[in-house]
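Participant: Got a sequence here, can you build the structure:
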Amino acid sequence: MQCKDRRCQSNIAVQVIIFHLNQIGDFCFSLPLVNAIKRRYPQSQICSVVRPHLVPLAQRAKPVDAIALRPEALTIAYLPLIRQLRARRADLVIVLPTSPGPSLLAQLCGARRIIAFDNDWPRRFVSERIPYDNRPSLANNLRMAEYVADEVPKRDYVGLLSATEQDRTDAGRILARHGVHDDQSFVVFATLASSHRLSKCWPTERFAALAAVLWERAGLWPVFIGAVEEAENIAAFTSKMSVPVANLAGHTDAGQLLGVLARASLFIGQDSGPTHLSAALGCPALAIFGPTDPQLTGPLGESSAVVYKNLPCSPCHDQAAECPNRKCLLSIEPEDVADQALSLMKHVSAAQRVK
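Facilitator: A predicted model of the protein is given here:
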């Protein structure tokens with residue numbers, strides 16, 4: 001599938017606007033698309049339209065030239081956004097969400113071409129449609145990239161997102177306040193996923209047991225991350241741990257979190273945003289999967305891996321909340337995760353020495 005518009009066959013400068021999805025992982029999955037457009041049109045100016053919580057990530061995404069803030073609620077606050085986008089006189093708008101709102105906004109900003117994924121809402125909002133595989137995924141974005149840019153030189157997000165030197169410095173100070181100094185190797189744990197998908201989370205007591213194993217076997221200081229609303233839950237089980245631990249939940253902003261992940265020797269988490277941030281930064285990242293599909297939303301790159309039992313009943317996706325036993329997750333033992341995590345670290349270290 002190739003774009004038939006003559007602008008796809010030339011190297012002229014273009015103004016491009018991209019409406020992104022709202023989740024951190026989905027933003028990471030969009031970076032190969034943004035990168036492909038930038039490589040196809042080196043003189044292009046790419047503006048990413050994102051929700052407020054994604055602004056720090058967009059600021060640190062290498063292919064992004066400008067950022068437009070999309071308010072959380074559809075109110076009069078959208079008027080400045082529409083004026084800002086109209087002023088760009090966009091040649092091309094790409095809409096990654098499948099809800100009608102972003103495509104309506106794309107039309108209001110006066111773009112010449114609007115490309116979106118195919119679904120059931122009114123077709124008059126867009127000029128071109130790309131086939132869509134049911135759920136947001138990297139595969140959908142790569143298909144969009146192939147259509148718009150003809151070629152996709154990089155099919156993962158590794159290296160397309162980076163922590164700044166200030167992020168690393170700030171992270172070092174925060175870690176030191178919690179007992180983790182520059183000479184101490186540490187592992188970062190993200191124990192929770194989005195609040196509406198808690199059924200895909202490995203039990204917190206197993207994370208605590210895993211942390212103890214990695215401390216004893218590799219001397220990795222456990223560092224737990226999370227949002228402010230997760231801090232109390234994380235403190236409840238980390239306070240009972242018998243090994244040194246740092247609870248950074250609620251103590252980092254997005255940039256500082258990237259700095260922590262960039263400094264880490266290892267990351268272990270769920271099918272969630274921090275997993276993709278770690279993988280994008282090149283940190284050895286191990287993700288524990290149960291009811292969701294690692295082929296669809298697993299971390300990318302040679303420095304990442306998944307723990308997945310591949311049971312006949314999984315992935316079950318939206319049925320996970322009704323599962324009576326969650327065998328896909330509860331059959332995963334801390335020792336198994338520790339073995340795979342340490343193996344991943346050795347693999348990444350060996351690959352880095354070869355380079």
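
Participant: where does the residue lying closest to residue 153 once chain neighbours are set aside land in three-state SS?
Facilitator: Take residue 153 and drop its neighbours on the chain: the residue closest to it by CB to CB, 6 or more residues apart in numbering is residue 39, 5.3 Å away. Every C-beta, even on glycine, is put in place using the N, C-alpha and C of the backbone. Of the three states, residue 39 takes helix under DSSP: H, G, I helix; E, B strand; the rest coil.

Participant: again, but for residue 82
Facilitator: helix.

Participant: care to break this structure down by domain?
Facilitator: Domain ranges of the chain: 6-149, 165-354, per automatic domain parsing.

Participant: mind checking how far the longest one is from the chain centre?
Facilitator: With CA atoms, centre = their mean, to the nearest Å as the basis, domain 165-354 stands 14 Å off its chain's centre.

Participant: CA atoms of the helix or strand bottoming out on mean pLDDT in the chain as PDB?
Facilitator: The helix or strand of the chain with the poorest confidence is helix 100-108; it has a mean of 87 (mean pLDDT, DSSP states H and E). Output in PDB follows, covering the C-alpha atoms of helix 100-108 (Å, rounded to 0.1, in the frame of the first residue of the first chain):
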ATOM      1  CA  PRO A 100     -14.500  11.200  16.200                       C
ATOM      2  CA  GLY A 101     -13.300  14.200  18.200                       C
ATOM      3  CA  PRO A 102      -9.700  14.300  17.000                       C
ATOM      4  CA  SER A 103     -10.800  13.900  13.300                       C
ATOM      5  CA  LEU A 104     -13.300  16.700  13.700                       C
ATOM      6  CA  LEU A 105     -10.500  18.900  15.200                       C
ATOM      7  CA  ALA A 106      -8.300  18.000  12.200                       C
ATOM      8  CA  GLN A 107     -11.000  19.200   9.800                       C
ATOM      9  CA  LEU A 108     -11.500  22.400  11.800                       C
END
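
Participant: for the following helix or strand past that helix, packing partners?
Facilitator: For helix 100-108, the following helix or strand on the C-terminal side (DSSP states H and E) is strand 113-117. With contacts taken as 3 or more CB pairs under 8 Å, 6 or more residues apart in numbering; DSSP states H and E, strand 113-117 sits against strand 92-95, helix 100-108, strand 128-130, helix 138-149.

Participant: Between these, which one is closest to residue 288.
Facilitator: helix 138-149 (19.3 Å; CB to CB).

Participant: Output the contacting helices and strands for that closest one.
Facilitator: Using 3+ CB pairs under 8 Å, 6+ apart: helix 138-149 touches helix 24-40, strand 92-95, strand 113-117, strand 128-130.

Participant: The shortest one pairs with which strands?
Facilitator: Looking back up the chat, that one is strand 128-130. Partners of strand 128-130 in the sheet, by DSSP bridges, are strand 113-117 (parallel).

Participant: pLDDT averaged over the strand it pairs with - what is it?
Facilitator: On average, the pLDDT along strand 113-117 is 92.

Participant: now that strand, how far from the chain's geometric center?
Facilitator: 23 Å.

Participant: between it and helix 100-108, what angle do the directions make?
Facilitator: 170 degrees (axes from the mean of the first three to the mean of the last three CA atoms, to 10 degrees).

Participant: outside of strand 113-117, which residues touch it?
Facilitator: If you take CB atoms under 8 Å, 6 or more residues apart in numbering as the criterion, strand 113-117 is touched by 5, 7, 91-96, 98, 103, 106-107, 125-132, 140, 144, 147-148.

Participant: Next, the buried residues of it.
Facilitator: Within strand 113-117, the residues scored as buried using 16 or more other CB atoms under 10 Å are 113-117.

Participant: residue contacts, residue 188?
Facilitator: Per CB under 8 Å, 6+ apart, neighbours of residue 188: 223-225, 260-261, 264, 266-269, 274, 278, 283.

Participant: Of all the helices and strands packed on strand 113-117, which one is nearest residue 238?
Facilitator: Nearest of those (CB to CB): helix 138-149, 33.1 Å.

Participant: Show me what the very next helix or strand once past the closest one is packed against.
Facilitator: Elements were assigned by DSSP H and E; along the chain past helix 138-149, the next helix or strand is helix 165-177. Here helix 165-177 touches helix 254-263, going by 3+ CB pairs under 8 Å, 6+ apart.

Participant: Understood, closing this out.
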